[in-house]
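**Q** 3D model of this:
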Amino acid sequence: MTQGKKMKAAMEAIDREVFYSVEDAVKLLKGLAKERNFDETIEIAMNLAVDPRHSDQAVRGVTSLPHGTGASVRVAVFAKDDKAEEAKKAGADIVGAEDLIDIINGGTVDFDRAIATPDMMALVGRVAKILGPKGMMPNPKLGTVTPDVAKAVKDAKAGSIEFRAEKAGIVQAGVGKVSFGEKELAENVRFFIDAIQRARPPGAKGSYIKKISITSSMGPGLKLDIASATGQDKKAA
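**A** Have a look, this model is predicted:
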């Protein structure tokens, strides 16, 4: 089947009006992905009742999924001397100081996550205009500015996710691969949703989570039942 026919078949297999449980949605997406020849990413999107332009409504943080993301993460570390060696031993892909700044200013950003020791932040500020818009500027609140670079590198490699609500109040993230077991994927999805709930900002009013959907790289989007996904149905019972 061509990709167009596969997507058409996938769309016919779902009901666009149904709000699925996490477990049912995961099972359906895995089933629809069986005929594809690559390991698709399972992605989640959450629409939040926030306006990130206001500081008291910003949603940002980092969380480590219980079963990782299955993605390969390239990590760059801004560090010198002993800390640079610690980062290399922990598995950092790129380690440097002024030389790394020059590479980035030259237009090459060949990594997915940036970590820095506190003493390097004045130097890292030189590339803030490049890393900032990409969401990769080291930040102490996210654990990416730290003297413990070894732990930060290992956490990043293990599948920690940085999340941030965009302008429309939407948070998106990859939460696993279709090759994961249904139980592992469902646990990852629920864990991420719980992390977003815990990151609720003080300025959020009323119903915080408006919509939740999950999809695979080449699959259809499935709407999740919010009460079920957040555990509200169990609380009500």
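**Q** which other helices and strands contact the top helix by length along the chain?
**A** Taking DSSP state H as the criterion, the chain has its longest helix at helix 182-198. With contacts taken as 3 or more CB pairs under 8 Å, 6 or more residues apart in numbering; DSSP states H and E, helix 182-198 sits against helix 22-32, strand 41-48, strand 60-64, strand 160-164, strand 170-177, strand 209-216, helix 226-230. In short, each C-beta sits where N, CA and C put it, glycine included.
**Q** change it to 6 Å
**A** Secondary structure elements in contact with helix 182-198, counted by 3 or more CB pairs under 6 Å, 6 or more residues apart in numbering; DSSP states H and E, are helix 22-32, strand 170-177.
**Q** buried stuff in the longest one?
**A** Going back to what we said before, that points to helix 22-32. 22, 24, 25, 26, 28, 29, 30, 32 (16 or more other CB atoms under 10 Å).
**Q** rewinding a little: in the longest helix of the chain, what's buried?
**A** 184, 185, 186, 187, 188, 189, 190, 192, 193, 195, 196.
**Q** Report the contact partners of residue 117.
**A** With contact set as CB atoms under 6 Å, 6 or more residues apart in numbering, residue 117 has these partners: 79, 83, 147.
**Q** One more: residue 178?
**A** Applying CB under 6 Å, 6+ apart, the residues near residue 178 are 30, 33, 40, 216.
**Q** Most neighbours of all these, which one?
**A** Of all the contacts of residue 178, residue 216 has the most neighbours under the rule other CB atoms under 10 Å, reaching 24 neighbours.
**Q** From residue 205, how far off is the residue nearest to it when sequence neighbours are not counted?
**A** Excluding the flanking residues, the one nearest residue 216 by CB to CB, 6 or more residues apart in numbering is residue 40, at 4.2 Å. Using CB to CB, to the nearest Å, residue 40 is found at 36 Å from residue 205.
**Q** Give me the three-state assignment for the closest residue to residue 92 other than its chain neighbours.
**A** Leaving aside its sequence neighbours, residue 92 sits nearest to residue 77 (CB to CB, 6+ apart; 4.5 Å). Following DSSP: H, G, I helix; E, B strand; the rest coil, we place residue 77 in the strand state.
**Q** Which strands or helices does the helix or strand hosting residue 153 pack on?
**A** Assigned by DSSP states H and E, residue 153 belongs to helix 149-158. Helices and strands touching helix 149-158, as assessed by 3+ CB pairs under 6 Å, 6+ apart, comprise strand 75-78, helix 81-90, strand 113-116.
**Q** List the buried residues for the second one?
**A** Looking back up the chat, that one is helix 81-90. 83, 84, 86, 87, 88, 90.
**Q** Give me the domain ranges for the protein.
**A** Listed by automatic domain parsing, the domain ranges of the chain are 14-68+161-236, 75-158.
**Q** give me the low-pLDDT residue ranges for this structure?
**A** The chain contains residues with pLDDT under 70 at 1-14, 35-36, 233-237.
**Q** most centrally placed residue in it?
**A** residue 173 (3.6 Å; CA atoms, centre = their mean).
**Q** Apart from its chain neighbours, what residue comes closest to that one?
**A** Nearest one to residue 173, counting by CB to CB, 6+ apart, is residue 161 at 5.2 Å.
**Q** Could you tell me how many residues sit around the one you found?
**A** Neighbours of residue 161 using other CB under 10 Å come to 20.
**Q** Could you verify my assumption that it touches residue 171?
**A** No - if you go by CB atoms under 6 Å, residue 161 and residue 171 don't touch, sitting 10.2 Å apart.
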